[in-house]
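In: coords please:
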Amino acid sequence: MGGSTLQAERPYENTTPAAAQFDMNVDDTMVNVSELQKLGVNAADIAKLVEAGISTAGMVCKVPLKVLLAIKGFSEAKVEKIRSSARKLTGGTSHPFRTGTEVREQRKRCIKITTGAKTFDAILGGGVESGSITEAYGEFRTGKTQLSHTLAVTCQLGFDQGGGQGKCIYLDTEGNFRPERIEKIADRFGLDADATLDNIIVARAYASDQQCELLKPLAALIAEHGPFRMLIIDSIIALFRVDYSGRGELSERQQKLGQHLSALTRLAEDMNIAVFLVNQCTADPGAMSLFAPVVKPVGGNVLAHASCTRIHLKKGRENCRVAKVVDSPSMPEAEAQFAITDGGIADE
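Out: I've put the predicted structure just below:
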């Protein structure tokens with residue numbers, strides 16, 4: 001990772017407590033599955049786990065049993081042996097029951113990544129949170145992709161600047177990623193453009209099944225080539241809407257989407273990265289409004305339940321946009337105005 005990118009100084013002050021005092025990478029659940037070999041698991045079985053997208057001991061403990069049993073050559077007895085070894089490696093951190101104090105200590109690992117606008121950060125409690133899924137939905141030209149590009153840069157800032165001091169993975173499903181946009185945003189924050197782009201890993205998906213497959217190598221990528229602080233998918237639903245367009249396919253679409261979101265949730269929690277999802281919206285004919293058409297996010301309850309924090313982006317006057325927190329476990333409903341500038345998302 002380019003040192004100039006992560007250490008560049010810029011007068012952007014983060015008003016949230018500095019996360020730098022905590023070692024963000026200390027987590028027993030992130031032990032590489034290769035360590036299982038020391039406990040008697042053979043190398044061939046470990047290779048099969050990695051191929052299935054299971055690259056840490058924590059993931060071995062958390063993935064559904066049927067996922068492990070679906071791996072060729074894995075019997076129930078073998079799976080139990082592997083899981084038992086994984087539990088030993090995690091030192092009990094994967095135990096399902098913890099005290100509230102332990103959860104509070106775990107939450108101290110959480111990183112808040114600035115959106116680029118202090119008013120926007122304020123309604124999010126400091127920024128986009130690591131370890132969970134944040135979803136932003138809205139009509140076209142409301143700033144969804146601009147916010148994505150800004151976060152891809154700000155996650156590389158130092159902790160004291162509101163960043164995560166790490167890299168970004170950008171899954172582009174609509175062909176919207178623009179390196180030249182990243183360059184301008186990097187310049188605003190005083191970062192080297194080339195180093196900033198080198199710290200963004202981009203993958204283009206053209207079908208929903210390919211989008212799902214792209215998640216499999218991510219855990220290994222994050223563990224081996226980190227630190228990564230942000231995973232962006234722009235957008236989460238576009239390819240699913242194309243591949244499952246018939247009314248009779250809705251149930252299958254939601255099932256596949258649910259599995260995809262479950263994998264994203266595990267990835268966010270196990271790797272302590274912020275997962276940021278761009279979502280589309282559609283008109284809500286059942287809702288009434290005197291001033292503007294009412295829209296609702298696509299994806300139904302499956303996506304609504306998976307998203308920890310949900311943001312509705314709306315158009316304002318001229319270049320102004322409005323962000324509204326509509327769902328969050330820790331923050332109340334609130335709105336903030338922001339602007340889209342040459343340097344990305346910023347205060348008005």
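In: Would you mind measuring from Glu51 to Gly190?
Out: 41 Å (Cβ to Cβ, to the nearest Å). All C-beta spots, glycine's among them, are computed from the backbone N, C-alpha and C.
In: ok, the residue most central in space within the chain to Gly40 distance?
Out: For the chain, the residue nearest the mean C-alpha position is Val275 (0.8 Å; Cα atoms, centre = their mean). As for Val275, its distance to Gly40 is 34 Å (criterion: Cβ to Cβ).
In: Enumerate every residue touching Lys216.
Out: By Cβ atoms under 8 Å, 6 or more residues apart in numbering, the contact set of Lys216 is 51-53.
In: Helix, strand or coil: sort out it for me.
Out: coil (DSSP: H, G, I helix; E, B strand; the rest coil).
In: per-residue pLDDT, it?
Out: If you check Lys216, the pLDDT there is 89.
In: Phi first, then psi, for it.
Out: Main-chain dihedrals, Lys216, degrees, to the nearest 10: phi -60, psi -50.
In: ranges for the helices of the stretch 151-300 of the chain?
Out: Taking DSSP state H, counting those that start in this stretch to define them, one finds helices in the stretch 151-300 of the chain at 179-188, 193-198, 208-213, 218-225, 238-243, 250-271, 300-306.
In: Against which helices or strands is the fourth one packed?
Out: The contact analysis (3 or more Cβ pairs under 8 Å, 6 or more residues apart in numbering; DSSP states H and E) places helix 218-225 against strand 167-172, strand 228-234, helix 250-271.
In: Show me the one of those that comes nearest Glu139.
Out: Closest approach to Glu139 among the helices and strands packed on helix 218-225 (Cβ to Cβ): strand 228-234, 15.1 Å.
In: What pairs with that closest one, parallel or antiparallel?
Out: Taking DSSP bridges as the criterion, strand 228-234 pairs within the sheet with strand 167-172 (parallel), strand 274-279 (parallel).
In: how about those in a markdown table, adding distance to Val298?
Out: Formatted as a markdown table, those follow (distance: least, Cβ to Cβ, whole Å):
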| stretch | distance to Val298 |
| --- | --- |
| strand 167-172 | 17 |
| strand 274-279 | 6 |
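In: ranking these by burial, who's on top?
Out: Highest mean neighbour count of the strands paired with strand 228-234: strand 274-279, a mean of 27 (counted as mean count of other Cβ atoms under 10 Å).
In: how far away is Ala70 from Ala86?
Out: Using Cβ to Cβ, we find Ala70 at a distance of 17 Å from Ala86.
In: Please tell me how far Pro297 sits from Val103.
Out: 29 Å.
In: who's more crowded, those two?
Out: More crowded of Pro297 and Val103, by other Cβ atoms under 10 Å: Pro297, with 22 against 9.
In: which residues does that one contact?
Out: Shown in contact with Pro297 (Cβ under 8 Å, 6+ apart): 135, 137, 279-281, 303-304, 310, 312.
In: Show me which of Ala70 and Ala86 is the more surrounded one.
Out: Ala86 (26 against 10).
In: can you give me the strands for this structure?
Out: Remark: strands assigned in the chain by DSSP state E are 112-113, 128-129, 133-138, 167-172, 200-204, 228-234, 274-279, 281-283, 295-297, 309-315, 320-327, 334-341, 344-346.
In: now these in JSON lines, with distance to Val33 and mean pLDDT?
Out: As requested, the strands of the chain are exported to JSON lines (distance: least, Cβ to Cβ, whole Å; pLDDT from 0 to 100):
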{"stretch": "strand 112-113", "distance to Val33": "28", "mean pLDDT": "98"}
{"stretch": "strand 128-129", "distance to Val33": "27", "mean pLDDT": "98"}
{"stretch": "strand 133-138", "distance to Val33": "24", "mean pLDDT": "97"}
{"stretch": "strand 167-172", "distance to Val33": "20", "mean pLDDT": "98"}
{"stretch": "strand 200-204", "distance to Val33": "21", "mean pLDDT": "98"}
{"stretch": "strand 228-234", "distance to Val33": "18", "mean pLDDT": "97"}
{"stretch": "strand 274-279", "distance to Val33": "22", "mean pLDDT": "98"}
{"stretch": "strand 281-283", "distance to Val33": "39", "mean pLDDT": "87"}
{"stretch": "strand 295-297", "distance to Val33": "36", "mean pLDDT": "91"}
{"stretch": "strand 309-315", "distance to Val33": "30", "mean pLDDT": "96"}
{"stretch": "strand 320-327", "distance to Val33": "34", "mean pLDDT": "96"}
{"stretch": "strand 334-341", "distance to Val33": "42", "mean pLDDT": "96"}
{"stretch": "strand 344-346", "distance to Val33": "37", "mean pLDDT": "97"}
